[in-house]
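**Student:** Here is a sequence with its predicted model. Questions after.
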Amino acid sequence: MVQLKLLGPVECETDDGRPLALGSGRIRTVTAVLISEVNQVVTLSRLIDLAWDVEPPASARGVVHNHVHRLRQLLAGHAELATRGQGYVLLADPCTVDVHRFQSLVSAAREAEPQAAVAMLRRALGLWRGEALADVPGDRVRRTVGAGLAQARVAALHELGAQLLLLGRYGEVVTELTAWTAEHPLHEELTALLMRALQAGGRQAEALDHYHRTRRHLKDQLGIDPGRVLSEAYLAVLGGSGAAAPQVSARPQAAALPAAPPAAPCAVDRPSAPPPRVAQLPPGILDFCGRERELAVLDQHLERVPRPHCVVLAGGGGAGKTTLAVQWAHRLRAVFPDGQLFADLRGFERPPMRAGTVLSSFLLSLGVPEAKIPESVAERAALYRSLLAGRRMLVLLDNAGTAEQTRPLLPSTPGCLAVVTSRRRLSGLVVRDGAALVTVGALAPADAMQLLGNALGRQRIEADPAAARALVEWCERLPLALRIAAARLMAHPEWPLECWTKKLADERRRLQELSADDADLAVEANLYLSYRALSSGAARLFRVLGLHPGPSVELHAAAALAGQDLERTRRHLAELCDAHLLQEQAQGHFVRSELVRLYAAQRVASEEPRSAQDLAVRRLLDHFTRPRPARG
């Protein structure tokens, strides 16, 4: 047996604690990838892709072969490193990998009582010996393998702090989080948790100091203001408890809705006191611009009779769905005077938020004592809808993954409205629940220029308008990409815009350049969330479409690439359209953005064996060169 470690420097240790001499350089990269995918075949092409940040040399295959041979010798008698087809697999008990032990402890902690959860989370975090893959050369493997581990570590630390807060152990929260937030000042959720612990311990001035320090870091390094979680913590500290988000009313109010019908009698008990007014909307952003068409469509839905009780805002990752939903919801605050509920459903994260958990949170906000919250999801949903009956409330459900995740959270009376954002169209809500669907795409060119100008200043844009227009188009007018580019440029005021457009013009670097220090703030990370949620068949079709050279593809060419029949290809293409990774421009003809094409090419190069890629390309060429029947 051997202990395999990635949570710090990459190490392989025998059971008696003796380290195996891995040496330095790319052998550590190869080792890290094989450990991270233990018991799974890793193709030679993927190892080469991750081992070099730049174009690999002609000798890359031989170099990787030598590293694998050396590693196989080191592991002899402890673990098996086997050859499988065009790749390798490290065969070992997952429990010997520190990443798997960490994940198991964190997963078990989620189901445990607070005291036991704290002990498990401390054991899990104790497995870390520094930054994951700390001594692995190259940025690509750290972004691919290490970024997810870093996020999991932060999530575990956040969960530990939350459990300690529940137990009233505020001093321990402060001890756990102070050093971490000093080293990682851009983690807003951890700073917010630290602020709440300091406030609960009577240290309000220190809590406010942490907020202002983090706000300055966000402004100086990313050019952004604090997000919802940190802003709410700040307002809570200022007010000594919770506080409502500020109202945003940059546009005229939408037409008032007709009065809700009287509440129907219900057998579910209500709390004795009237539910408190809740105001959970995240703050709107000050530099919101554009989206005139989408806002007009949303307003029109409210004016229709019968109006929908649910509106779905669907679009690809980074399109600005949440920003638009929050902006519109703030405009409607007067229309829904009884309050607003908000929940991030984390539908494309693992694990997603459960409907029962959200219902419990909503019921607590509506004044139901914790002891009176029912056990089953159906009973919670019934009580929730009973409390909303006769009231006029808005419910904003962000990042929904499926219609099933969302449906228990929908209000059932006409006086309330649910606004749902999702990367998918959530057709089930449209068909079965009568929801209205609004698609959120790229910004209009003028609006994208305005967003860039708001961030960088009009003077910098006017100094080189041609470069500004080129930058906007390389970012495909996506708000996330534009804000990332603006943040990078704000950090380097001496850079001319043309310098940045040249970086983005290189398609080998474009996805890498459109990323910020926070791994979540990256176009590539957003595309990964959509890709990960696909079925295996649609994911494979998405990958092989990365071998197609153009921005558009038709049904028969896609079927040829995938090597499957038209009906199955049509179903998978429909799934890709539903995920906003493709768009059906005409019947049987599909288009995709350049960023999506680049990401698909990256996935096929790293996940499909070279032989499979070559076979797919041959099928595509055969399709294009095959004689077409004459049309009579």
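**Tutor:** Now that the structure is in, tell me what you want to look at.
**Student:** Where does the prediction get shaky in the stretch 51-200 of the chain?
**Tutor:** Filtered on pLDDT under 70, the stretch 51-200 of the chain yields no residues whatsoever.
**Student:** Which residue ranges of it form helices?
**Tutor:** If DSSP state H, counting those that start in this stretch is used as the criterion, the helices of the stretch 51-200 of the chain fall at 60-75, 98-110, 114-126, 139-141, 147-166, 170-183, 188-200.
**Student:** Tell me which of the ones you listed is the most buried.
**Tutor:** helix 188-200 (a mean of 23; mean count of other C-beta atoms under 10 Å). Using the backbone N, CA and C atoms, a C-beta is placed for each residue, glycine as well.
**Student:** what stretches of the protein score poorly on pLDDT?
**Tutor:** In the chain, residues with pLDDT under 70: 239-276, 304-308, 516-521, 628-632.
**Student:** rewinding a little: can I get the helices of the stretch 51-200 of the chain in TSV with distance to Leu388?
**Tutor:** Below are the helices of the stretch 51-200 of the chain laid out as TSV (distance: least, C-beta to C-beta, whole Å):
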stretch	distance to Leu388
helix 60-75	60
helix 98-110	29
helix 114-126	30
helix 139-141	49
helix 147-166	27
helix 170-183	34
helix 188-200	28
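**Student:** closest one to Asp209 among those?
**Tutor:** helix 188-200 (9.0 Å; C-beta to C-beta).
**Student:** quick one, what contacts Ala557?
**Tutor:** His548, Leu620, His623, Phe624 (C-beta atoms under 8 Å, 6 or more residues apart in numbering).
**Student:** so how many other residues sit close to the third one?
**Tutor:** This means His623. 15 (other C-beta atoms under 10 Å).
**Student:** which secondary structure elements does the host helix or strand of it contact?
**Tutor:** Here His623 sits within helix 610-625, counting by DSSP states H and E. Judged by 3 or more C-beta pairs under 8 Å, 6 or more residues apart in numbering; DSSP states H and E, the packing partners of helix 610-625 are helix 555-562.
**Student:** Beyond the helix it packs on, next helix or strand please.
**Tutor:** Downstream of helix 555-562, the next assigned helix or strand under DSSP H and E is helix 566-578.
**Student:** Report the inter-axis angle for that next one versus helix 555-562.
**Tutor:** What separates the directions of helix 566-578 and helix 555-562 is an angle of 100 degrees, with axes from the mean of the first three to the mean of the last three C-alpha atoms, to 10 degrees.
**Student:** just how off-centre is helix 566-578 within its chain?
**Tutor:** Relative to the centre of its chain, helix 566-578 is centred 24 Å away, using C-alpha atoms, centre = their mean, to the nearest Å.
**Student:** what comes into contact with it?
**Tutor:** 424-425, 427, 534-535, 537-538, 541-542, 555-556, 558-559, 562, 582-584, 590.
**Student:** Now, these that are in helices?
**Tutor:** Among the contacts of helix 566-578, the members falling in helices (DSSP state H) are Ser427, Gly537, Ala538, Leu541, Phe542, Leu555, His556, Ala558, Ala559, Ala562.
**Student:** Just the buried residues of these.
**Tutor:** Taking 16 or more other C-beta atoms under 10 Å as the criterion, what is buried in the ones in helices among the contacts of helix 566-578 is Ala538, Leu541, Phe542, Leu555, Ala558, Ala559, Ala562.
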